[in-house]
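output the structure for:
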Amino acid sequence: MVIDFIYHHEKHKVILLVTEPMDDLRSSPPGMLSPLPTSCDVVARSIQSPDEFWAEQAELIDWHRSFDSVCDRSRLPFVRWFPGGKTNLCYNAVDRHLSGRGDQPAIRFISTETGEERSLTYRELHAGVVRMANTIRSLGVGEGDRVIIYMPMIPESAIAMLACARMGAVHSVVFAGFAAESLARRIKDAGAKLLITCDAGLRNGKLIRLKKTADEALDLAESAARLLLISRGLDLDAPMNASRDLVYPLGTESIGASDAGCVWRQSSSPSYILYTSGTTAKPKGIQRDVGGYAVALAASMGKIYGCKRGETFFCTADIGWVVGHSYSVYGPLIHGMTTIFFEGLPIHHNAAAWWEIVASSRASVMFSSPTAIRVLKKHPSDAFDRLDLTSLRSLFLAGEPLDEPTAEWIQAALPGTRIVDNYWQTETGWPVLSELAGGKPSRHGSPGCPVYGYDAFVADEESGEPVPCGQRGVLAIRAPLPPGCMTTIWQNDEQFQNLYFGQFPGKVLYSTFDYAVEDEEGNIFILGRTDDVINVAGHRIGTREIEESLCSHPAVAEAAAVGVADEVKWQVIKCFVVLKEPDRYDDSCARQAVLKEIEETVVGRLGAIARPAFVGLVKQLPKTRSGKIVRRAILAIAEGRDPGDLSTLEDPMALDHIREAQDGNASR
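Numbering: from 1, shown residues only. Predicted structure coming up:
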């Protein structure tokens with residue numbers, strides 16, 4: 001059985017068709033199929049002898065106290081990696097490099113928004129982290145306390161993360177594009193003792209007043225947390241609360257620069273919380289450990305990314321997302337590399353900015369997203385002809401599926417660079433599907449095969465049993481999850497177990513909530529979500545969150561949100577709302593005004609990343625007889641497709657309202 005690949009560029013859709021057997025899979029068209037694998041020894045051994053395999057990987061980091069055993073599986077799906085061991089993320093990322101790499105650049109910062117460039121050596125980074133840790137400690141934060149970091153992509157963001165890790169606090173980084181209400185939810189759920197922010201950031205030349213949003217969030221959360229302000233001089237009018245706020249640095253006379261050393265933490269202690277959207281209105285706090293995470297990242301830098309110590313790693317991801325945690329900060333630094341911090345958009349001022357950074361820094365590995373590459377594709381540049389980009393061995397892309405035209409375009413622009421699609425989640429912390437360094441390339445449209453440590457397969461969504469090649473199922477992972485993955489949901493073990501391991505009764509299987517199909521070579525193709533999560537340029541936003549925001553407007557009676565295929569962002573948000581008093585908005589001006597208000601309500605509650613691409617007024621939403629909104633049918637109409645079987649709809653005429661809304665009642 002063979003899977004043929006058909007790609008529809010207009011909608012970024014992938015269709016996989018099962019056709020008759022072929023004698024030789026390698027006879028497929030050029031570029032469609034890669035050479036068959038020669039060895040899967042590493043992956044096989046990690047599944048067959050996991051304790052032996054991960055004990056070897058644990059030698060890649062420094063331990064203050066060696067672990068008693070490799071893995072405690074006594075309470076699956078809960079798992080403890082390297083129990084009894086003590087280590088520290090900051091020590092492994094900074095301190096251990098001082099003797100041999102003290103003068104090597106650790107962080108190189110480049111802002112196309114301000115024009116600023118600066119570099120911190122490992123020795124300078126260590127000094128900054130020590131001072132920040134001392135400051136955090138002086139504000140009453142101790143081991144296990146939570147610190148919210150609401151910062152743009154500047155070196156002080158990494159310093160704050162590392163300082164928390166150093167003195168044993170649990171950090172929770174919140175993307176600096178989130179609005180006050182979203183930030184407040186995270187402050188409250190984490191029970192934060194301290195909020196670290198700066199006066200402002202810049203995006204596309206626009207000033208983002210972070211201190212103002214932070215103040216609003218603390219008020220909304222009714223939080224007693226202190227606020228530590230790092231001033232960039234961008235918002236000189238940022239208000240200060242004398243009883244709560246402090247400006248960093250506080251001065252050597254009050255804090256001092258003496259090094260109190262690292263707090264050695266149990267391997268299974270929480271290192272950070274990172275919130276991710278889901279099907280509920282309340283974001284979930286993904287909790288990660290210390291030792292397992294450090295080992296997983298250390299192993300991935302060589303085995304997946306093929307990196308060498310002393311090289312430069314350029315990850316374009318913001319620290320507010322898991323990729324930024326793993327591969328802008330911790331991974332490259334644990335591996336003794338130089339990591340590039342970039343503030344700006346890839347096309348702001350200069351569409352060649354990223355490639356100029358690669359050329360000037362001689363970056364060997366780059367990590368970005370398909371959305372960013374699609375944006376660059378729309379802005380032609382002579383960078384590929386005039387710059388020496390030969391240092392770039394690999395470009396990794398993740399966040400949403402990599403479509404074939406984009407893959408082919410960037411491969412043609414960087415002929416000497418390996419273009420690698422890879423798949424993972426906030427929950428996993430590092431890739432689930434990818435090519436291994438030096439391994440066989442994957443097929444276009446697929447992020448590859450399961451990497452070492454992940455006993456992953458495509459499962460029947462009812463039984464949890466493996467499905468045949470070419471048949472759609474749910475990508476699942478057999479417990480235990482490998483090191484580096486989430487250990488639980490913050491303060492909610494029951495939700496962790498029921499949500500992630502509850503889809504297949506009687507089996508301890510983790511559900512990714514992604515539909516997938518596998519070909520005969522083991523390449524897995526991701527086909528879309530099984531739950532109500534929208535992927536906008538790699539940012540996961542729950543439809544429940546959006547709909548709750550829509551319904552918070554006093555004029556809205558009910559609402560539905562769907563993720564519609566988009567050429568650049570993979571998906572955009574389309575919303576359909578029913579008004580409480582529709583007759584009040586018969587006038588075109590009044591209708592447009594209320595639609596704009598509704599749109600801004602979503603932005604005000606969730607941030608600009610959740611701005612709907614479309615808001616339409618409808619008389620009613622399509623529902624089943626039991627009252628459930630049929631988003632499948634709404635999405636089909638929104639994408640111009642046949643909605644299929646409508647037998648479950650209470651009133652099929654409701655879909656006509658969706659069609660009419662698209663024709664003339666849109667906000668944008």
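
who are the contact partners of Ser268?
Taking C-beta atoms under 8 Å, 6 or more residues apart in numbering, we find Ser268 in contact with Arg80, Trp81, Phe82, Pro83, Asp289, Val290, Gly291, Gly292, Thr487. In this view, the C-beta of every residue, glycine as well, is placed from N, C-alpha and C.

TSV please, covering the residues you listed and showing distance to Arg611, pLDDT and secondary structure.
TSV is the format used below for these (distance: C-beta to C-beta, whole Å; pLDDT from 0 to 100; DSSP: H, G, I helix; E, B strand; the rest coil):
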residue	distance to Arg611	pLDDT	secondary structure
Arg80	41	98	strand
Trp81	40	98	strand
Phe82	43	98	coil
Pro83	45	98	coil
Asp289	35	98	strand
Val290	37	98	coil
Gly291	40	98	helix
Gly292	37	98	helix
Thr487	34	98	coil
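
ok, these vs Thr601, which is closest?
Nearest to Thr601, judged by C-beta to C-beta, of those is Thr487 at 35.7 Å.

OK, contacts around that closest one?
Here Thr487 is in contact with Phe78, Val79, Arg80, Ser268, Pro270, Gln287, Arg288, Asp289, Gly292 (criterion: C-beta under 8 Å, 6+ apart).

first to last residue in stretch 498-508, what's the distance?
Using C-alpha to C-alpha, to the nearest Å, the end-to-end distance of stretch 498-508 comes to 11 Å.

who's in contact with it?
The contact list for stretch 498-508 (C-beta under 8 Å, 6+ apart) reads 76-77, 278, 284, 427, 459, 461, 463-464, 474, 476, 478-479, 489, 509-511.

what's the answer for stretch 457-475, then?
1, 3, 16, 18, 432, 450, 456, 476, 478, 503-504, 506-507, 509, 511-520, 524, 526-527, 530.

separate out the buried members of those.
For these, a burial check counting by 16 or more other C-beta atoms under 10 Å picks out 3, 16, 432, 450, 456, 476, 478, 503-504, 509, 511-519, 524, 526-527, 530.

mind checking which of those residues land in strands?
Members of the buried ones among the contacts of stretch 457-475 lying in strands (criterion: DSSP state E): 3, 16, 450, 456, 476, 478, 509, 511-518, 524, 526-527.

distance of Ala561 relative to Arg131?
Going from Ala561 to Arg131 by C-beta to C-beta, to the nearest Å gives 45 Å.

right, I mislabeled it, should have said Ser326
Using C-beta to C-beta, Ser326 is found at 25 Å from Arg131.

so which of those two has more stuff around it?
Neighbour count, other C-beta atoms under 10 Å: between Ser326 and Arg131, Ser326 has more, with 26 against 21.

would you say the more buried one is within a helix?
Yes - per DSSP: H, G, I helix; E, B strand; the rest coil, Ser326 lies within a helix segment.

show me what contacts it?
Leu297, Gly429, Trp430.

which of the contacts of stretch 498-508 are buried?
77, 278, 284, 427, 459, 461, 464, 474, 476, 478-479, 489, 509-511.

which of those sits closest to Ala413?
When the buried ones among the contacts of stretch 498-508 are compared against Ala413 (criterion: C-beta to C-beta), the nearest one is Glu427, at 32.8 Å.

how about that closest one: what's its closest non-neighbour residue?
Sequence neighbours aside, Met486 is the residue nearest to Glu427 in space, at 4.6 Å (criterion: C-beta to C-beta, 6 or more residues apart in numbering).
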